[in-house]
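Student: For reference, the sequence and a predicted model appear below.
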Amino acid sequence: MLGSRPSAVGPAREALSTPEPQMVQVGGARPGAGEQRGASTALEYAPWHWTLALLWLVAAAGGPSQSRWPVPYKRFSFRPEPDPYCQAKYTFCPTGSPVPVMKGDDVIEVFRLQTPVWEFKYGNLLGHLKIMHDAIGFKSTLTGKNYTMEWYELFQLGNCTFPHLRPEMNAPFWCNQGAACFFEGIDDAHWKENGTLVLVATISGDTFNKMTKWVKWDNETGIYYETWTVQASPEKGAETWFESYDCSKFVLRTYKKLAELGAEFKKIETNYTRIFLYSGEPTYLGNETYVFGPTGNKTLALAIKKFYYPFKPHLSTKEFLLSLLQIFDSVIIHKQFYLFYNLEYWLLPMKFPFVKITYEEIPLPNRNKTFSSL
């Protein structure tokens, strides 16, 4: 779920504009699969601060009418240039390589890859809590070469989840993009030591080539990272208001596409991390211009900025503890959460248990089966 990797504006742009066969060469990434997310130099959210804050919330918790739920994730016709303000501490996908065109009769092994978030820095710490990052591995039988493909944040998880309140700007400022990363090699030790590296399917070279064309489209149109899954309750069959859009969803979409192309998956259990918010039916508030523009709702604008203020980066220990109390007051006591989704703001009337992290099974797809949208 929580992808975490390095991030750099330059390589990401080059990769996204590369013609086939370099397709999704949004850069290859290391130093730790799915975790070494770059935080912006001036904007860095300390990973341990907000991981701790999220876990603390879980523990503490123990406009237009929307006729269709969940709100569909919006796709775009192009990827915008990242703002220079959004600099990254770690380069996004630094070892990215062109995506190869496989020979049609090649036999390609497909691997499920999973490891704890921020494993490069904290080892298996978050693995004990089942907070995991997901990716896919491939191995060509003809060449013996293997490859890793994953999707994660350009500017780290904190920047994708919460905005910056810049004094010179009236509206919250977001450093939020996610992108695909493809590079040669699979770091076996990285995935096996605290996670998973297991064969899930075998496909032809022709199927691989078709998949990579789809990945290019998926990567160029699905550009924003979404951390939260928002539901009415933890009960089975509860209404889902918003779906997340993260590393695990990229893996699930790719598995779905491979099944549509004829891949047959092994019958093994596959679990994924998800972070839930629980609320009553959300209220649509409007886009940035409607809320924060010259004729916007100043009272609402102030309330949204007040809500996001405790999530600001670069906090001292004292400030961090005070921020936790403010977050507790907003989310648990006053039962309010302002969500930014599809470049629009929503108000969530929060309900018990408010926030929950799960590690639940989502089965591998059946061949040529029709799926609901991921």
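Tutor: Sure thing, it's come through. Residues are numbered from 1 along each chain as shown.
Student: what are the ranges of the strands in the stretch 101-250 of the chain?
Tutor: Assigned by DSSP state E, counting those that start in this stretch, the strands in the stretch 101-250 of the chain fall at 107-116, 132-140, 146-153, 178-184, 196-204, 229-231, 240-242.
Student: could I get those as TSV with mean pLDDT and mean neighbour count?
Tutor: Every residue, glycine included, has its C-beta placed from N, CA and C. TSV is the format used below for those (pLDDT from 0 to 100; neighbours: other Cβ atoms under 10 Å):
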stretch	mean pLDDT	mean neighbour count
strand 107-116	97	23
strand 132-140	97	24
strand 146-153	96	26
strand 178-184	96	26
strand 196-204	97	18
strand 229-231	98	23
strand 240-242	98	20
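Student: Please identify which of those is closest to residue 76.
Tutor: Ranking the strands of the stretch 101-250 of the chain by proximity to residue 76 (Cβ to Cβ) places strand 178-184 first, at 12.4 Å.
Student: hmm, back to that, out of the strands of the stretch 101-250 of the chain, the one nearest residue 251 is which?
Tutor: Among the strands of the stretch 101-250 of the chain, the nearest to residue 251 by Cβ to Cβ is strand 132-140 (4.5 Å).
Student: Pull up the pairing partners for that closest one, direction included.
Tutor: In its sheet, strand 132-140 lies beside strand 107-116 (antiparallel), strand 146-153 (antiparallel), with partners assigned from DSSP bridges.
Student: can you redo the ones you listed as TSV with distance to residue 236?
Tutor: Below are these laid out as TSV (distance: least, Cβ to Cβ, whole Å):
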stretch	distance to residue 236
strand 107-116	24
strand 146-153	28
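Student: Quick one: the strands of the stretch 101-250 of the chain as JSON lines, columns for distance to residue 125 too.
Tutor: JSON lines is the format used below for the strands of the stretch 101-250 of the chain (distance: least, Cβ to Cβ, whole Å):
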{"stretch": "strand 107-116", "distance to residue 125": "7"}
{"stretch": "strand 132-140", "distance to residue 125": "12"}
{"stretch": "strand 146-153", "distance to residue 125": "19"}
{"stretch": "strand 178-184", "distance to residue 125": "23"}
{"stretch": "strand 196-204", "distance to residue 125": "17"}
{"stretch": "strand 229-231", "distance to residue 125": "23"}
{"stretch": "strand 240-242", "distance to residue 125": "28"}
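Student: re earlier: closest one to residue 275 among the strands paired with strand 132-140?
Tutor: If we rank those by Cβ to Cβ, the stretch that ends up nearest is strand 146-153, at 13.9 Å.
Student: For this structure, identify the residue most remote from the centre.
Tutor: Relative to the C-alpha centroid of the chain, counting by Cα atoms, centre = their mean, residue 105 is the outermost residue, at 33.8 Å.
Student: List the contacts of the nearest residue to that one once chain neighbours are set aside.
Tutor: In space, and not counting its chain neighbours, residue 105 is closest to residue 205: 6.4 Å by Cβ to Cβ, 6 or more residues apart in numbering. Residues near residue 205 by Cβ atoms under 8 Å, 6 or more residues apart in numbering: 102-108, 140, 142.
Student: Quick check: which ranges of the stretch 201-350 of the chain have low pLDDT?
Tutor: The stretch 201-350 of the chain contains no residues with pLDDT under 70.
Student: need the helices for it, in chain order.
Tutor: Applying DSSP state H, counting those that start in this stretch to the stretch 201-350 of the chain gives helices spanning 205-221, 247-260, 288-292, 298-308, 317-328.
Student: Single out the most deeply packed of the ones you listed.
Tutor: Sort these by mean neighbour count, taking mean count of other Cβ atoms under 10 Å, and helix 247-260 sits at the top with a mean of 23.
Student: CA-only coordinates of that helix in PDB, if you can.
Tutor: C-alpha atoms of helix 247-260 as PDB (Å, rounded to 0.1, in the frame of the first residue of the first chain):
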ATOM      1  CA  CYS A 247       1.600   1.200  -4.800                       C
ATOM      2  CA  SER A 248      -0.600  -1.800  -4.000                       C
ATOM      3  CA  LYS A 249      -3.400  -0.500  -6.300                       C
ATOM      4  CA  PHE A 250      -0.900  -0.200  -9.100                       C
ATOM      5  CA  VAL A 251       0.100  -3.900  -8.500                       C
ATOM      6  CA  LEU A 252      -3.600  -4.900  -8.400                       C
ATOM      7  CA  ARG A 253      -4.300  -3.000 -11.600                       C
ATOM      8  CA  THR A 254      -1.400  -4.600 -13.400                       C
ATOM      9  CA  TYR A 255      -2.400  -8.100 -12.200                       C
ATOM     10  CA  LYS A 256      -5.900  -7.400 -13.500                       C
ATOM     11  CA  LYS A 257      -4.600  -6.300 -16.900                       C
ATOM     12  CA  LEU A 258      -2.400  -9.400 -17.200                       C
ATOM     13  CA  ALA A 259      -5.500 -11.600 -16.400                       C
ATOM     14  CA  GLU A 260      -7.400  -9.800 -19.100                       C
END
